[in-house]
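Participant: Attaching a predicted model along with its sequence, questions to come.
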Amino acid sequence: MTTRIDGTAIARRIRSRVAEEVAEVAATAPGDVPGLATVLVGDDPASAVYVAAKRRAIKEAGMRDFHRHLPGHATHDDVAAVIDELAKDPRVSGILLQLPLPARLDAATLIDRIPVTKDVDGLTTASLGLLARGERGLRPCTPSGVIELLDAEGVPLQGASVAVVGWGELVGRPLTHLLLRRGATVSVAHEFTLDLASVTRPADIVVVATGVRGLIGPEHVGPGAVVIDVGIHRTPSGLAGDVRSEELDGIAGRITPVPGGVGPMTIAMLLVNTLRAARWSSGPEVVAAA
């Protein structure tokens with residue numbers, strides 16, 4: 001039988017640990033309680049839902065919520081000014097610029113205005129450079145969540161064969177670096193891969209983050225493999241992933257469901273990063289490399 005990995009339960013445990021640590025800080029040094037600033041530009045409904053979920057998680061963890069909502073007609077300079085203001089505020093441990101931004105804004109340039117010590121999304125050029133070099137820094141939340149899921153399930157990474165399907169900036173690229181740092185042998189497939197099954201079927205672990213609904217099926221997965229589905233798609237019948245998970249019953253050893261798999265881990269790791277960033281501000285030696 002194929003086991004469903006309960007990302008919701010694993011994320012709940014992580015969030016509980018973060019809340020306990022924040023409570024300890026609040027009891028001994030209230031002024032040092034971590035704070036997250038979320039910056040939302042415009043009125044995209046999906047983005048508003050995501051930001052609301054992040055703000056709710058921050059408050060539940062006992063952290064301080066610094067939210068800034070700019071109108072859709074905000075200029076590049078308007079957004080930059082808000083980021084710069086938050087960067088200088090010592091109460092703000094982390095800054096998250098919600099993506100996507102309106103198309104006329106240069107997201108990469110705005111993200112790079114976030115100081116590396118407050119980059120809780122791990123998406124600045126500086127943060128990604130630290131990741132590539134294996135140096136201490138804040139890591140992207142979803143790839144970190146994938147690693148945490150595998151660790152929680154006791155899936156060994158050192159020496160494992162891992163196929164990462166998708167080479168995007170948000171998941172595929174940073175996840176590849178994290179896996180390599182853990183001693184995995186990583187193969188990467190992307191839109192130009194000619195024979196996808198030849199890459200994925202021999203792998204012990206298959207991680208799929210393509211944004212293509214139902215791309216991966218039984219022809220792509222070897223018996224007993226661990227399958228991590230990062231994709232999420234809204235359909236008339238509910239949420240679906242990049243993997244046709246119902247077809248992998250009895251083939252995959254373990255698989256993450258959609259919803260309830262990787263999704264909850266992203267917010268959990270955002271809390272972890274915000275706590276790390278707060279500690280980093282009082283001394284970088286206390287932030288463990290990921």
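Facilitator: Sure, I can see it. Numbers count the residues shown, from 1 in each chain.
Participant: phi, psi of the closest residue to E169 other than its chain neighbours?
Facilitator: Excluding its sequence neighbours, the residue lying closest to E169 (Cβ to Cβ, 6 or more residues apart in numbering) is L123, at 7.5 Å. (Glycine included, C-beta is placed from N, CA and C.) Reported as degrees, to the nearest 10, the phi and psi values for L123 are phi -110, psi 0.
Participant: contacting residues for L123?
Facilitator: 111, 140, 169-170 (Cβ atoms under 8 Å, 6 or more residues apart in numbering).
Participant: Pipe those into JSON lines and attach secondary structure per row.
Facilitator: Converted to JSON lines, those look like this (DSSP: H, G, I helix; E, B strand; the rest coil):
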{"residue": "I111", "secondary structure": "helix"}
{"residue": "P140", "secondary structure": "coil"}
{"residue": "E169", "secondary structure": "coil"}
{"residue": "L170", "secondary structure": "coil"}
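Participant: Return a selection command, for use in PyMOL, containing the buried ones of those.
Facilitator: The PyMOL command for the buried members of the contacts of L123 (criterion: 16 or more other Cβ atoms under 10 Å) is given here:
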select buried, resi 111+140+170
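Participant: Could you export the contacts of L123 as TSV, including pLDDT and distance to L97?
Facilitator: TSV is the format used below for these (pLDDT from 0 to 100; distance: Cβ to Cβ, whole Å):
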residue	pLDDT	distance to L97
I111	98	6
P140	97	13
E169	93	14
L170	94	13
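Participant: Need the contacts of L123 in JSON lines (columns: distance to S93).
Facilitator: Below are those laid out as JSON lines (distance: Cβ to Cβ, whole Å):
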{"residue": "I111", "distance to S93": "17"}
{"residue": "P140", "distance to S93": "17"}
{"residue": "E169", "distance to S93": "24"}
{"residue": "L170", "distance to S93": "22"}
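Participant: Out of the contacts of L123, the closest to I267 would be?
Facilitator: P140 (13.1 Å; Cβ to Cβ).
Participant: Which pLDDT value does the model give the residue positioned nearest the centre of the chain?
Facilitator: With distances taken as Cα atoms, centre = their mean, the residue of the chain nearest its centroid is T142 (1.8 Å). With respect to pLDDT, T142 has a value of 97.
Participant: Likewise for V79?
Facilitator: For V79, pLDDT reads 98.
Participant: hang on, it packs against G42?
Facilitator: No. At 10.5 Å, V79 and G42 do not qualify as touching, with contact defined as Cβ atoms under 8 Å.
Participant: Quick check: neighbours shared by those two?
Facilitator: By Cβ under 8 Å, 6+ apart, the residues touching both V79 and G42 are 70, 101.
Participant: Which one of the two is surrounded by more residues?
Facilitator: V79 (23 against 17; other Cβ atoms under 10 Å).
Participant: Secondary structure class of R139, three-state.
Facilitator: Going by three-state DSSP: R139 is coil.
Participant: so what's it up against?
Facilitator: So R139 contacts 122, 127, 131, 174, 178, 269, 273, 290 (Cβ under 8 Å, 6+ apart).
Participant: Count the neighbours of C141 for me.
Facilitator: 26.
Participant: so it makes contact with P264?
Facilitator: No. The pair C141 / P264 is not scored as a contact, 11.2 Å apart, by Cβ under 8 Å.
Participant: one step back: contacting residues around the residue lying closest to the residue nearest to the centre of the chain once chain neighbours are set aside?
Facilitator: Counting by Cβ to Cβ, 6+ apart, T266 is the residue found nearest to T142 once chain neighbours are left out, at 4.8 Å. T266 sits next to 141-142, 145 when contact means Cβ under 8 Å, 6+ apart.
Participant: same question, G231
Facilitator: 208-213, 215, 240-243, 258.
Participant: Considering those, which possesses the most neighbours?
Facilitator: Within these, neighbour counts (other Cβ under 10 Å) peak at V243, which reaches 30 neighbours.
Participant: Since that was my last question, I'll sign off now.
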